[in-house]
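[1] need the 3D shape of this:
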Amino acid sequence: MTQHDTILHTASETRRSPAAIQATDQSPSVLIDIPLNHLTLSPLNPRQACTAEDITALATSIRTVGLMQNLMGFQSAEGDSETTIAIVAGGRRLRALQQIAAEDGTDPSTIVVPVRVTDDLAQANY
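    Numbering: from 1, shown residues only. The predicted model follows:
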């Protein structure tokens with residue numbers, strides 16, 4: 001287990017592969033591990049602007065205690081496993097994770113982040 005595994009993983013939920021992104025009536029979203037370089041900030045995310053100091057403080061917290069809350073992402077039903085996931089909740093966490101990767105000189109494609117993904121736009125807007 002690497003330092004990034006400790007920072008970015010929570011052990012409480014089952015993970016699915018990116019190819020398994022398909023919501024069902026019983027489960028409108030799925031928790032999957034997505035490479036950091038496949039994540040982008042969605043225009044639906046309410047936190048479009050934040051200060052560098054806020055992101056640095058959050059990055060320090062994530063380094064200390066890990067990622068305490070998963071990100072929420074949206075992928076259109078037409079998407080595939082190579083599609084970028086738009087983060088609709090967790091924009092500050094996304095930027096803090098990107099900062100950690102940059103500071104450590106780590107390739108973002110090698111870091112996986114737990115993301116609750118939906119293909120339901122109504123749920124993504126919730």
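[2] looks to me like Pro116 is in a strand.
    To be clear, residue 116 is Arg; Pro isn't right here. Yes. Assigned with DSSP: H, G, I helix; E, B strand; the rest coil, Arg116 falls within a strand.
[3] burial measure for it, as a count.
    Neighbours of Arg116 under the rule other CB atoms under 10 Å: 19. Every C-beta, even on glycine, is put in place using the N, C-alpha and C of the backbone.
[4] I figured it was touching Phe74, is that so?
    No. Look at Arg116 against Phe74 with CB atoms under 8 Å: they stay out of range, at 10.2 Å.
[5] show me where pLDDT drops low in this protein?
    For the chain, the stretches with pLDDT under 70 are 1-27, 76-82, 125-126.
[6] now do the strands in it.
    Counting by DSSP state E, one finds strands in the chain at the ranges 30-35, 39-41, 71-74, 85-89, 112-118.
[7] what would the ones you listed look like in JSON lines with distance to Leu58?
    Formatted as JSON lines, the entries for these read as follows, by distance: least, CB to CB, whole Å:
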{"stretch": "strand 30-35", "distance to Leu58": "19"}
{"stretch": "strand 39-41", "distance to Leu58": "14"}
{"stretch": "strand 71-74", "distance to Leu58": "13"}
{"stretch": "strand 85-89", "distance to Leu58": "14"}
{"stretch": "strand 112-118", "distance to Leu58": "14"}
